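K.L.:
Pasting the sequence and the predicted model now:
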Amino acid sequence: MTLNVGQDFKKRWLNAPEAVRQTFVDDLNRICDLLSPVTDIQNWLNNDQRQMQIAQLQVEQAYADLKAQLIEEARVRKQLALEKALAEKRAQQDAYNQQLQQDEIQQFKDQQLVLQNLRQHIDIEISEYSQKYTKNPDVAAIDYASGQFRVDESQITSELESVRLRLELEAETLIEQTVKAFRSKLETAAKEEIEYILSNSNFSAEKK
């Protein structure tokens, strides 16, 4: 006589929890006891009903434990995947911040170069402007003793200093605006990263 245990018995047997397999083995042993000539049939029937109830509870508990284990393993896999995604996101954000910082530094250097060139250009114009008003006239027919055509040097110096001061203030304002813009971009990037971490972590679920 061939025992029919159904298709894929080996696979199902190996995938079953240890407690379930042991329960099936105990059932087979009881059946073997029934086949023995010395077995008290009535006593076996009374004992079999009780053993079947115990076996059913053991099977249900074994599968409940297996389900809990599978859920925990899935949770761990999900947590690891989330941590990996967050690490990749953080690495991308760090790279973006580094690139942003390099861009800001390069822009700052470019602006400094522009301001330096502008200052040199203005210095040249100031020098030319000064020479224009300090050069002795070639025509001697004009009477300068009256003071009508005399230019006050202190006034020229004051105007030149005013121009220089205005340019320095504009340069400082431009630099301050650049620094503020860079800080604002960094704060925005940090806020986006924090919101991403909170929205993809278990913290929000635990608070609920």
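P.N.:
Happy to help now that I have it. Owing to the predicted nature of the structure, the values given are computational and were not obtained by experimental measurement.

K.L.:
What residues sit buried inside stretch 67-87?
P.N.:
By neighbour count with 16 or more other Cβ atoms under 10 Å, stretch 67-87 contains no buried residues. Placement of C-beta: from N, CA and C, glycine included.

K.L.:
all helices of the chain, in order?
P.N.:
For the chain, the helices defined by DSSP state H cover 9-15, 18-35, 41-134, 153-199, 203-207.

K.L.:
The third one versus helix 153-199: what angle between them?
P.N.:
Comparing the axes of helix 41-134 and helix 153-199 via axes from the mean of the first three to the mean of the last three Cα atoms, to 10 degrees yields an angle of 170 degrees.

K.L.:
Now find how far off-centre helix 41-134 is within its chain.
P.N.:
Helix 41-134 sits 4 Å away from the centroid of its parent chain (Cα atoms, centre = their mean, to the nearest Å).

K.L.:
Could you list every helix and strand in contact with that helix?
P.N.:
Contact partners of helix 41-134 among helices and strands, from 3 or more Cβ pairs under 8 Å, 6 or more residues apart in numbering; DSSP states H and E: helix 18-35, helix 153-199.

K.L.:
mean pLDDT lowest for which of the helices of the chain?
P.N.:
With a mean of 49, helix 203-207 has the lowest mean pLDDT of the helices of the chain.

K.L.:
got the contact list for the residue nearest in space to the middle of the chain?
P.N.:
Nearest to the geometric centre of the chain sits R90, at 3.2 Å (Cα atoms, centre = their mean). By Cβ atoms under 8 Å, 6 or more residues apart in numbering, R90 lies in contact with E193.

K.L.:
try it again with 10 Å
P.N.:
Applying Cβ atoms under 10 Å, 6 or more residues apart in numbering, one finds that R90 lies in contact with 193, 196-197.
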